[in-house]
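S.K.: model this:
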Amino acid sequence: MPLPSGSGSEFLNNHSMIGTTSADTFTPVANHIYTILSFFVHNDHGSSTNFKVELSRNSGTNYAMLLVAQPLENNATFVWNDKIVLYSNTSKIRFTPNGSDPIDIWINYIDQDWT
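M.R.: Numbers count the residues shown, from 1 in each chain. Next up, the predicted model:
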């Protein structure tokens, strides 16, 4: 992504992935910087489960583990409040639940548009 050289816009946004049962990825569009402020993962399944969160900056070729086998009791919510920056359409954050247990994911972020 080229460095910003002109005016752009910045606004708060959110993204949800409801009932995720397999790997689900959140990726910025080209010429955008997303600063993730927080994400919430909720287990609405009838039993305990776990999930993992991974980050990639090379279009998903390689991932770095952020959370591995994070436990989540039934009807519980996990909250991540540390900032994560994703830029352009090559950075990704991937959420993967354990097995077929559905989880709900809510991401709050700042979208900086430099198009």
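
S.K.: who's in contact with the helix or strand bottoming out on mean pLDDT in the chain?
M.R.: Least confident helix or strand, the chain: strand 24-26 with a mean of 86, by mean pLDDT, DSSP states H and E. Residues outside strand 24-26 that contact it (C-beta atoms under 8 Å, 6 or more residues apart in numbering) are H15, M17, G60, L86, K92, I93, R94, F95, T96, I105, I107. (Each C-beta comes from the backbone N, C-alpha and C, glycine too.)

S.K.: now flag whichever of the residues you listed is closest to V41.
M.R.: I105 (5.5 Å; C-beta to C-beta).

S.K.: for W114, see how far away that closest one is.
M.R.: Separation of I105 from W114 (C-beta to C-beta, to the nearest Å) stands at 26 Å.

S.K.: nearest spatial neighbour of the residue most central in space within the chain, chain-adjacent residues omitted?
M.R.: Centroid check for the chain by C-alpha atoms, centre = their mean gives I93 as the closest residue, at 4.5 Å. In space, and not counting its chain neighbours, I93 is closest to F26: 5.1 Å by C-beta to C-beta, 6 or more residues apart in numbering.

S.K.: what's the burial count for the one you found?
M.R.: Counted with other C-beta atoms under 10 Å, residues neighbouring F26 total 18.

S.K.: ok, N81 next?
M.R.: N81 has 10 nearby residues by other C-beta under 10 Å.

S.K.: who does E54 bridge with?
M.R.: M65, R94 (DSSP bridges).

S.K.: ok, it - contacts?
M.R.: E54 neighbours (C-beta under 8 Å, 6+ apart): Y63, A64, M65, L66, I93, R94, T96.

S.K.: repeat for P102
M.R.: G19, T20, T21, D44, H45.

S.K.: can you give me the neighbour number for the first one?
M.R.: Other residues within reach of G19 by the criterion other C-beta under 10 Å amount to 12.

S.K.: so N98 makes contact with F51?
M.R.: Yes - under the criterion of C-beta atoms under 8 Å, N98 makes contact with F51 at 6.2 Å.
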